[in-house]
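Build the 3D model from these lines:
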Amino acid sequence: MKKQYIALLRGINVGGNRKIKMADLREILTKAGLEQVKTYIQSGNLVFFYKKEKTEKLSKIIKKAVKDTYDFDIETITFEVADFKKIVKNMPFEINDTNIKTFYIMMLKTAVMADNIIPQLEKYIKTGEIIKPTEKVLYIQYPNGFGRTKLTNNVVEKALKTSATTRNWRTMNKILELCD
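All right, here's what the predicted structure looks like:
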């Protein structure tokens, strides 16, 4: 039986680096065994079907397909659709038309004690960011925009010693719209 999954690739098509055309990505992943692969925008947001499998194994399949084709390593975080929906549903902030562009969700590859997250990141909060963490998700409001923050994926990864990838609120919802 096939199951639908969501995978987020970190750091592709950013600043002209690690370029992958989404049509090419869909093709190589289909050859790797993923089915009905859909992408959303150019930043590596995938929805696909595969037999029931652990998400870590699916991340490895995607990572290997990209490495074999493009010769670069990309971090991939894969979710069962129900888990991704919970992440979106649990958004703790009140979002409206005037503040929607300030909200992001940073997903962590491995769990971190939620109580340890804020102390580890406090020194990087420079432009009024508000973080509401769980063990694997940071809900973040960047009131002055994501482009001005010091609280980036690289900083969070170094401080928390795990991989992370971030998507804005609209993208998270658009990815869910691709799911059947």
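
in the longest helix along the chain, what's buried?
Secondary structure assigned by DSSP state H gives helix 55-70 as the longest helix of the chain. Of the residues in helix 55-70, 55, 58-59, 61-63, 65-66, 69-70 count as buried by neighbour count, 16 or more other C-beta atoms under 10 Å. Yep, even glycine has a C-beta here, placed from its N, CA and C like the rest.

Equivalent analysis for stretch 82-102, please.
Using 16+ other C-beta under 10 Å as the test for burial, stretch 82-102 gives 84, 87, 91, 102.

Do me a favour and average the pLDDT over stretch 82-101.
Averaging pLDDT along stretch 82-101 gives 97.

and the gap between residue 36 and residue 106?
Noted for residue 36: a distance of 28 Å to residue 106, by C-beta to C-beta, to the nearest Å.

So between these two, which is more surrounded?
For the pair residue 36 and residue 106, the greater number of neighbours falls to residue 106 (21 against 13), based on other C-beta atoms under 10 Å.

For that one, give its distance to residue 141.
On the measure of C-beta to C-beta, residue 106 and residue 141 end up 12 Å apart.

Just the buried residues of the helix-or-strand element of the chain with minimal mean pLDDT, please?
Here the helix or strand of the chain ranked lowest by mean pLDDT, DSSP states H and E is helix 114-121, holding a mean of 92. Within helix 114-121, the residues that qualify as buried are 117, 120-121, counting by 16+ other C-beta under 10 Å.
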